[in-house]
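Peer 1: A predicted structure for the sequence below; I have some questions about it.
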Amino acid sequence: MEKNKTLLVSADYRLASGGISRVAHLINQAIPNELIFSLHGNKNLSNGREHYFGNNRFVFLTRLLLKIIFSKFDIIIFDHLGVASALLLVPKFLLKKVIIFLHDEEAWVEIKGRNRAALTKADILLTNSQFTFDHFTSKNPFFKAKTKVCLLGGVPEKFEIEPDAPSKEFSTWFLSEKPYLIFVSRLWKKHSYKGYWELLRAYEKLKTFSDFNLRLAIIGRGDDATHVQEFIVKNDFDDRVQIFTNVTDNDLAFFYKNSAGLVFPSTREGFGLVFLEAMFFKKASIGIVNQPAEEIIIHNKTGLLLQDNSPDTLATTLLFLNEDLERLSVWGENAYKLYESKFSKQAFIDRFIENIS
């Protein structure tokens, strides 16, 4: 692809901040940007190429508008619809090519106001999954012709390094030879749709099954973490289920590497980057149908796709997996092959470049 003068406008370019920032870094690897503007992030992080604005929207928009007007970029990429609203004040003739990446719930509704104006000025709209594409275009059919699917790919570079031994506080968990599944997510009450309560209630149903050996490690933090811990203690199954909130990047890689697989029964994801992390570590995944998990997991080959995330369905599935853990190993090997062929970082880069060319 020919070299262009490009600007990446990010909601939050700090890599540790979550999924959207990971997409921003993937975009930057696909097309190295001359300049990066990030709404969030301490301004002290700024350097000659990356500029952070500490969530000061006025300064962010003012600097961004001036930069767009006077720098004449060939390509401007917005990694989130929210920051693309700056386009409202920019005449179309000053914009050569504008790309907006659409994620999750902000794109699943009818877009109105300044965000709709931003979409109108964009040349290409990219969605993170077919699921997001379908929801977005069903509510916003006017934009369907310029909207494309660009499945995500890759894992953080920190996972590409062989993990060291985990923190000492987790040693008791790893001393046990019993296999375990992992659930990785934020544990905020507003994100309870991710399915951790349904998982806990499934394990509650299995308390009396003496031959059930499949443990669960819940990894995450948030305002619901205390309630999760209280539920585990109240039901007296901390020998099978534990929550880990103070997990470093190295610890997380170690948890993944030594697990039997990932269970992530979320019902409102735009994609599901945790599935890619599991695949990278050669682990099977359990997800839900009618979700982006269907675009990532091949049922009975790289994992399982469940009809719902009810405690009964999850309990039945856990018993099924407990009977033959070897199948999880086979699915994990298959998952890694699929990762390499379809969901690697290079696979995303190739898709991204093809979609915007």
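Peer 2: Great, that's in hand.
Peer 1: any idea which residue sits dead centre in this structure?
Peer 2: The chain has Leu273 as the residue nearest its centroid, 3.4 Å off, counting by Cα atoms, centre = their mean.
Peer 1: how does this structure divide up, domain by domain?
Peer 2: Domain assignment for the chain, taken from automatic domain parsing, gives 6-150, 157-343.
Peer 1: Out of these, which is closest to Asp350?
Peer 2: Asp350 sits nearest to domain 6-150 of all those, at 8.4 Å, using Cβ to Cβ. For every residue, glycine as well, the C-beta is placed using N, CA and C.
Peer 1: Quick one: mean pLDDT for the closest one?
Peer 2: The average pLDDT within domain 6-150 is 92.
Peer 1: Tell me the gap between it and the middle of its chain.
Peer 2: Centroid separation for domain 6-150 versus its chain: 17 Å, with Cα atoms, centre = their mean, to the nearest Å.
Peer 1: Enumerate every residue touching the residue of the chain positioned farthest from its centre.
Peer 2: Residue farthest from the centre of the chain, counting by Cα atoms, centre = their mean, is Ser210 at 35.5 Å. Residues in contact with Ser210 (Cβ atoms under 8 Å, 6 or more residues apart in numbering): none are found.
Peer 1: And the one 3 residues further on, by the same measure?
Peer 2: Residues in contact with Asn213 (Cβ under 8 Å, 6+ apart) are 178-179, 322.
Peer 1: quick one: which of those is nearest to Ile27?
Peer 2: Ile27 has its nearest neighbour among those in Pro179, at 37.3 Å by Cβ to Cβ.
Peer 1: where does that closest one fall, phi/psi-wise?
Peer 2: Main-chain dihedrals, Pro179, degrees, to the nearest 10: phi -70, psi 160.
Peer 1: still on that earlier bit, select, out of the domains of the chain, the one closest to Ile353.
Peer 2: domain 6-150 (5.8 Å).
Peer 1: gap between the two ends of the closest one?
Peer 2: From its first residue to its last, domain 6-150 covers 19 Å (Cα to Cα, to the nearest Å).
Peer 1: coming back round to it: so who does the residue lying closest to the residue nearest to the centre of the chain once chain neighbours are set aside touch?
Peer 2: Among residues not flanking Leu273 along the chain, Gly19 sits closest, at 5.3 Å (Cβ to Cβ, 6 or more residues apart in numbering). By Cβ under 8 Å, 6+ apart, Gly19 lies in contact with 103, 271, 273.
Peer 1: Indicate which one of the domains of the chain is closest to Arg351.
Peer 2: So among the domains of the chain, domain 6-150 is nearest, using Cβ to Cβ, at 5.2 Å.
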